[in-house]
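Chemist: okay, here's the prediction I keep looking at, along with the sequence it came from:
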Amino acid sequence: MNHLKRYPLSIIIIGVILFLSFFNPPETPLNEVTNIDKVLHFIMYFGFCTVLWFEYFRSHAQSSAVHLILWAIIAPIVFSGLIEVGQQTLTPTRAADWWDLLFNALGCLAAALFSMVVTRRVLGRR
């Protein structure tokens with residue numbers, strides 16, 4: 001229950017990512033844009049991990065590098081990999097795309113760099 005209070009936005013984003021990862025998206029004109037999905041994967045995981053960092057800094061007086069690396073970088077990347085495996089094995093209309101995993105990981109890493117500099121300063125942390 002404590003995590004629900006500390007990380008409400010992150011939990012909502014996890015639900016949204018799960019929904020978007022397993023539903024069958026409709027055809028749109030954006031489907032014609034090459035690799036637009038990779039940009040969206042990067043943005044989605046950049047946003048997710050930035051929110052994780054923000055909620056972590058907001059709810060902890062002191063930050064732990066080990067916790068941040070494990071829960072705000074590694075865990076979202078593993079989560080992303082599990083989603084790719086789930087898309088391949090659990091859905092008839094989706095397939096695993098390891099490029100998606102790469103762009104998700106790049107979004108997580110970019111969020112970590114951004115958060116170490118910007119989010120900490122916004123919240124007045126060292």
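Modeler: Happy to help now that I have it. As the structure is a prediction and not an experimental result, all values here were calculated from the model. Numbering: from 1, shown residues only.
Chemist: gap between Ser59 and Ala105?
Modeler: When distance is defined by Cβ to Cβ, to the nearest Å, Ser59 is 25 Å away from Ala105. Using the backbone N, CA and C atoms, a C-beta is placed for each residue, glycine as well.
Chemist: of the two, give the one with the bigger neighbour count.
Modeler: Ala105 (20 against 12; other Cβ atoms under 10 Å).
Chemist: give the contact list for that one.
Modeler: 45, 77, 80 (Cβ atoms under 8 Å, 6 or more residues apart in numbering).
Chemist: next SSE downstream of the helix or strand encompassing it?
Modeler: If you go by DSSP states H and E, Ala105 is part of helix 98-114. Moving toward the C-terminus from helix 98-114, the next helix or strand (DSSP H and E) is helix 120-122.
Chemist: so for that next one, what gets flagged as buried?
Modeler: For helix 120-122, the buried set under the neighbour-count rule, 16 or more other Cβ atoms under 10 Å, is empty.
Chemist: what is that helix packed up against?
Modeler: The contact analysis (3 or more Cβ pairs under 8 Å, 6 or more residues apart in numbering; DSSP states H and E) places helix 120-122 against no helix or strand.
Chemist: let me know the average pLDDT across it.
Modeler: Throughout helix 120-122, pLDDT has a mean value of 79.
Chemist: looking at the contacts of Ala105, which has the most residues close by?
Modeler: Tyr45 leads the contacts of Ala105 on contacts (other Cβ under 10 Å) with 27 neighbours.
Chemist: how about the nearest residue to it, chain neighbours excluded?
Modeler: Nearest non-adjacent residue to Tyr45, counting by Cβ to Cβ, 6 or more residues apart in numbering: Gly107, 3.2 Å away.
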